[in-house]
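[1] Got a predicted structure here, sequence first:
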Amino acid sequence: MPRFLDWDCPNTDCNHQIRDEFVMEIPDERICPQCSGLMDRAYYVTRRQHNTQWSDRDAVVVFKNADGRISYPCRNDAPVPQGSERVVIRSLHDMNKFERQHNVVNERMHFDRSGRGMDDTFRGKEFSH
């Protein structure tokens, strides 16, 4: 599917950026034209997504234990275990904040209909079996 991609060079000496590159297929890697290093894809969250509130059916639910550990129920209407607190995430902004705080990724929020997971490849190297 054709789309526009943005790229950032992670090399601190280069910091080259490519904006709105038109591609027919998403490449596994992109070489920086200035320093020949591997570039990272840049992702942006639009302002209108911050204000969108999800319904009870679409909200993400996690349980926070008294010691701060997070558990993930298989359904968002599951009963709260004793000694835990129910945390409901109702927007993409809150989901992104939760991902950063807990170093996790909600793959459904980043699904691009390719059938591949977020951890299948890294810089062009295959990690799936």
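    Everything's here; your move. All figures in this text were calculated on a predicted structure; none of them were measured in a lab.

[2] quick one, strands of the protein?
    3-8, 17-23, 40-41, 60-65, 70-71, 84-89, 121-122, 125-126 (DSSP state E).

[3] ok, now which ones touch the closest residue to Met109 other than its chain neighbours?
    Distances taken as Cβ to Cβ, 6 or more residues apart in numbering place Met95 nearest to Met109, at 5.7 Å, with adjacent residues excluded. Backbone N, C-alpha and C define where each C-beta goes, glycine included. Going by Cβ atoms under 8 Å, 6 or more residues apart in numbering, Met95 touches Val60, Ile89, Asn106, Met109.

[4] let's go with 6 Å and repeat that
    Ile89, Asn106, Met109 (Cβ atoms under 6 Å, 6 or more residues apart in numbering).

[5] got a pLDDT number for the nearest residue to Trp54 once chain neighbours are set aside?
    The shortest distance from Trp54 to any non-neighbouring residue, by Cβ to Cβ, 6+ apart, is to Arg90 (4.8 Å). Here, the pLDDT recorded for Arg90 equals 90.

[6] Now for Arg90: which residues touch it?
    Gln53, Trp54, Ala59.

[7] close enough to count as contact, the last one and Val87?
    No - at 10.1 Å, Ala59 and Val87 do not qualify as touching, with contact defined as Cβ atoms under 6 Å.

[8] What about Asp40, how many residues nearby?
    Residues near Asp40, counting by other Cβ atoms under 10 Å, number 15.

[9] who's in contact with it?
    Per Cβ under 6 Å, 6+ apart, neighbours of Asp40: Asp8, Pro10.

[10] Against Arg3, how distant is it?
    17 Å (Cβ to Cβ, to the nearest Å).

[11] just Val61 next, same as before
    32 Å.

[12] more crowded one of these two?
    Under the neighbour definition other Cβ under 10 Å, Val61 and Arg3 were set side by side, and Val61 has more, 17 against 12.

[13] tell me which residues of stretch 14-33 are tucked away?
    In terms of neighbour count (16 or more other Cβ atoms under 10 Å), stretch 14-33 has its buried residues at Cys14, Arg30, Cys32.
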